[in-house]
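Q: Give the three-dimensional model of this entry:
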Amino acid sequence: MERDGEPLSARPALETEGLRFLHVTVGSLLATYGWYIVFSCILLYVVFQKLSTRLRALRQRQLDRAAAAVEPDVVVKRQEALAAARLKMQEELNAQVEKHKEKLRQLEEEKRRQKIEMWDSMQEGKSYKGNAKKPQEEDNSGPSSVIPKRKSDRKPLRGSGYNPLSGEGGGTCSWRPGRRGPSSSGG
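A: Okay, the predicted model is just below:
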């Protein structure tokens, strides 16, 4: 039994020595590179999370493509819904065009009526300027009406014969294109 006792008594000594060696090496490793190990673990965790979400999204897209290719009914329903939406938008556009045309007809009718009134007032010998301005003021109450502006009696900035494309009358600045031929070396 001594034989069995010696290895038993020696065994705990080896185990404690091994534990001490492990403790010293791991302790010195953590003391030296501890923060690097912590940050690298955090970085690996973040990278793994990002890659796993992208991988899941890629798998989902592949499954969706496969499902769309397999189910033609879904494709047909999408196309029908798209056609219905386009038709609805076209109907709305057509309704807006009809409203605009009706508005233009009313404006044309109003202008025609004003011309007739001006002609009648001229035939009677009355002034037609006063009558013509009143309906225009009523029309100008809308936000889309255009108010004509009078020309001011200012002097024009340039003469009436000025043409910027002619190259004449420019000033001190004149541009001329370079020669087209090969450059001469002068020798």
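
Q: Report the next helix or strand after the longest helix along the chain in sequence order.
A: Counting residues, the longest helix found in the chain (DSSP state H) is helix 2-70. Counting by DSSP states H and E, the next helix or strand C-terminal to helix 2-70 is helix 72-124.

Q: report the angle between the axes of that following helix and helix 2-70?
A: Counting by axes from the mean of the first three to the mean of the last three Cα atoms, to 10 degrees, helix 72-124 lies at 40 degrees to helix 2-70.

Q: elements contacting helix 72-124?
A: The contact analysis (3 or more Cβ pairs under 8 Å, 6 or more residues apart in numbering; DSSP states H and E) places helix 72-124 against helix 2-70, helix 129-139. Glycine gets a C-beta too; all of them are placed from N, C-alpha and C.

Q: Now with 7 Å, please.
A: The helices and strands touching helix 72-124, judged by 3 or more Cβ pairs under 7 Å, 6 or more residues apart in numbering; DSSP states H and E, are helix 129-139.

Q: average model confidence for the helix it packs on?
A: Averaging pLDDT along helix 129-139 yields 50.

Q: again, but for stretch 82-98
A: Rounded mean pLDDT across stretch 82-98 is 97.

Q: distance between that stretch and the chain's centre?
A: Offset of stretch 82-98 from its chain centre (Cα atoms, centre = their mean, to the nearest Å): 24 Å.

Q: Dump it to CSV, restricted to CA.
A: C-alpha atoms of stretch 82-98 as CSV (Å, rounded to 0.1, in the frame of the first residue of the first chain):
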residue,chain,number,x,y,z
LEU,A,82,-50.4,47.5,-59.9
ALA,A,83,-52.7,47.9,-63.0
ALA,A,84,-55.6,48.8,-60.7
ALA,A,85,-53.5,51.5,-59.0
ARG,A,86,-52.4,52.9,-62.4
LEU,A,87,-56.0,53.0,-63.6
LYS,A,88,-57.1,54.8,-60.5
MET,A,89,-54.4,57.4,-60.9
GLN,A,90,-55.3,57.8,-64.6
GLU,A,91,-59.0,58.4,-63.6
GLU,A,92,-58.0,61.0,-61.1
LEU,A,93,-55.8,62.7,-63.7
ASN,A,94,-58.6,62.6,-66.2
ALA,A,95,-61.0,64.2,-63.6
GLN,A,96,-58.5,67.0,-63.0
VAL,A,97,-58.1,67.6,-66.8
GLU,A,98,-61.9,67.8,-67.1
